[in-house]
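> Mind folding the following:
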Amino acid sequence: MGITKLADLIRLDAHNAISHKDISDYSGKVIALDTSIIVNQFRAVTPSLSPLVGVFYRTLTLLEHDIKPVFVFDGKPPQEKKPVLEKRAEVAGWSWTERRGTVSSKTNDCLQLLRLLGVPVVQAPGDAEALCAWLVKKGTVDAVASEDMDTLPFGATIVIRQLNAKRDSDITEYSLPKLLEKLKINHSEFVDLCILLGCDYCEKIAGLGPKKALTLIQRHRTIEEVVLHVNKKTHPVPHSWKYKEARRIFLDEPQTKAPDLTWTEPDEEALVGFLCNTAHVKGDRVHRRMEKFRQTRESIREEREKERATGSSRQTRMEDFFRVTRKRNHPVDVQKSPNINKKRQKTK
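Below is the predicted model:
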């Protein structure tokens, strides 16, 4: 769910925090992606196909645009999110208890696919969007690509939506600093605003719309003060409201270390075998897409050579984008930690 009607509120009250971009604007940038959202998108749009196929195509397209993707996987969700997850599981037709415990085979398949594509994967200790936001704040990545708006209260300074790798797509970028400046609130007050709007970690005050919630925060600054002044007959406050726990989840940083990120050349033959066996994709289809990938990289390399010759160099060359340090003669062991293999040479 993310944050209820936050996008609408920003569009109406802080539209200057929104920029509309083209995918080429992110050339050379390191972008963290919430993997579960991408997988669920493909699962919803193409239910007859394995979402691995969608992940394969999207990753290559991002790489062709000289975007360095970092795929972040969910860890153990906060206990406060359990009611929301149980409700989503019920809607999806599976039991929440069946989803707990060890990493699923589908997740392992996605991990192996991404490793064969040569892109880094990172395991979050909790929600992936929290770690994505933290990576931006630490300067490890340049932005977060996610459809979930709660990456903003988690503190991501730049959030990208609709990064779907289509040339004619209208990519929307949100700037948290501009948003806070326009709304005339600080980050802690913004977190309280998002809790009032409605989040995944607690209930909300009934009947409180975005405009009213913003006015209350601008006037009273904290949920504690809002509760003292809100009309409890028209806007009843939830009993045993766990807003403090939700606030802590948004404000506390993940207890982990910043990962070392490396990118390597995709392993074409291993990808063919993996997608044929796991996603039932024909081998020649994979080979054709990889050939297009190589041709696109070569075209970009030639373009960069021309730019350097005329003294107008923009980005690093595509041949420098991937720094191959070893050949992978064996399938990747998906039982290993999904953190970055530190033995790979760090990309310059």
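> For residue 58, give its distance to residue 38.
7 Å (C-beta to C-beta, to the nearest Å). Where C-beta positions appear, they are placed from N, C-alpha and C, glycine not excepted.
> cool, residue 25 as well?
20 Å.
> And residue 124, by the same measure?
The separation that residue 124 has from residue 38, given C-beta to C-beta, amounts to 15 Å.
> what does residue 129 give?
Separation of residue 129 from residue 38 (C-beta to C-beta): 12 Å.
> more crowded one of the two?
In terms of neighbours (other C-beta atoms under 10 Å), residue 129 is the more surrounded of residue 129 and residue 38; the figures are 28 against 23.
> Report pLDDT for the more buried one.
We have a pLDDT of 94 for residue 129.
> list the contacts for it?
Counting by C-beta atoms under 8 Å, 6 or more residues apart in numbering, residue 129 makes contact with 34, 144, 146, 148, 150, 151, 154.
> Could you rerun that using 7 Å?
By C-beta atoms under 7 Å, 6 or more residues apart in numbering, the residues touching residue 129 are 34, 146, 148, 150, 151, 154.
> wait, doesn't the second one sit right on residue 32?
No - counting by C-beta atoms under 7 Å, residue 146 does not reach residue 32; the two are 8.3 Å apart.
> For the protein, list the residue farthest from the centre, please.
Ranked by distance from the centre of the chain (C-alpha atoms, centre = their mean), the top residue is residue 233, with 39.2 Å.
> domains of this protein?
According to automatic domain parsing, the chain comprises the domains 1-256, 268-321.
> Tell me how far residue 253 lies from residue 235.
Counting by C-beta to C-beta, the gap between residue 253 and residue 235 amounts to 32 Å.
> between those two, which one's more packed in?
The neighbour comparison of residue 253 against residue 235 (other C-beta under 10 Å) goes to residue 235, with 19 against 13.
> my guess is that one meets residue 204, correct?
No - counting by C-beta under 7 Å, residue 235 does not reach residue 204; the two are 9.7 Å apart.
> what helix or strand is residue 40 on?
Counting by DSSP states H and E, the element that carries residue 40 is helix 35-45.
> Show me what that helix is packed against.
On a contact count with 3 or more C-beta pairs under 7 Å, 6 or more residues apart in numbering; DSSP states H and E, helix 35-45 meets helix 51-64, strand 68-73.
> Give me the buried stretch members for that helix, please.
Going by neighbour count (16 or more other C-beta atoms under 10 Å), the buried part of helix 35-45 is 35, 36, 37, 38, 39, 41, 42.
> What distance do you get for the last one to residue 276?
In other words, residue 42. Taking C-beta to C-beta, one finds residue 42 at 18 Å from residue 276.
> where does residue 160 fall, phi/psi-wise?
phi -110, psi 130 (degrees, to the nearest 10).
> Run a quick neighbour tally on the spatially closest residue to it that is not a sequence neighbour.
Take residue 160 and drop its neighbours on the chain: the residue closest to it by C-beta to C-beta, 6 or more residues apart in numbering is residue 145, 4.5 Å away. For residue 145, the count of nearby residues is 27 (other C-beta under 10 Å).
> Do a quick rundown of the strands in the stretch 101-250 of the chain.
With strands called from DSSP state E, counting those that start in this stretch, the stretch 101-250 of the chain shows them at 121-123, 143-145, 158-161, 171-175.
> Which of those sits closest to residue 65?
Checking the strands of the stretch 101-250 of the chain against residue 65 by C-beta to C-beta gives strand 171-175 as the closest, at 11.3 Å.
> Please export the alpha-carbon coordinates of that closest one; CSV is fine.
What follows is strand 171-175, C-alpha atoms only, in CSV (Å, rounded to 0.1, in the frame of the first residue of the first chain):
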residue,chain,number,x,y,z
ILE,A,171,9.3,8.7,-15.6
THR,A,172,8.3,10.7,-12.5
GLU,A,173,11.0,11.8,-10.0
TYR,A,174,10.3,13.0,-6.5
SER,A,175,12.8,15.2,-4.5
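> what mean pLDDT does that strand have?
Rounded mean pLDDT across strand 171-175 is 96.
> Give the pairing partners of it; include direction for each.
Applying DSSP bridges, strand 171-175 is found paired with strand 18-21 (antiparallel), strand 158-161 (antiparallel).
> quick one: that strand to chain centroid distance?
Relative to its chain's centre, strand 171-175 lies at 13 Å (C-alpha atoms, centre = their mean, to the nearest Å).
> Could you list the residues in contact with that strand?
Contacts for strand 171-175 (C-beta under 7 Å, 6+ apart): 10, 17-23, 152, 158-163.
> can you list residues touching both of residue 146 and residue 32?
residue 132.
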